[in-house]
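> starting from these lines, generate the structure:
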Amino acid sequence: MTYLVVVNDEGQHAIWWADRALPEGWRATGFEGAREDCLAHIAEVWTDITPLSVRRRETV
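You can find the predicted model right below:
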């Protein structure tokens, strides 16, 4: 089965089935593959799990 890495407006990442419509509020990042590959990619690129809205408040 092929999965997509998806991200929402808060910068949170997840995997989603490649053959299904994306849920509202999520967009594909362009990375797809086996479940394990997608999870490894997320671990590599999503290093700060703090939601984007919180990170923005902290810089003010």
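> mind checking how far the residue nearest in space to the middle of the chain is from residue 28?
Centroid-nearest residue in the chain, with Cα atoms, centre = their mean: residue 13, separated by 2.1 Å. When distance is defined by Cβ to Cβ, to the nearest Å, residue 13 is 11 Å away from residue 28. Glycine gets a C-beta too; all of them are placed from N, C-alpha and C.
> partners of the longest strand along the chain in the sheet?
The longest strand of the chain (DSSP state E) is strand 26-33. In the sheet, strand 26-33 lines up against strand 3-8 (antiparallel) (DSSP bridges).
> so which elements touch the helix or strand following the strand it pairs with?
Going down the chain from strand 3-8, the next helix or strand is strand 13-17, by DSSP states H and E. Secondary-structure packing of strand 13-17 (3 or more Cβ pairs under 8 Å, 6 or more residues apart in numbering; DSSP states H and E): strand 3-8, strand 26-33, helix 35-45.
> related to what we said a few turns ago, so the residue nearest to the centre of the chain touches residue 47, yeah?
No: counting by Cβ atoms under 8 Å, residue 13 stays clear of residue 47, with 10.5 Å between them.
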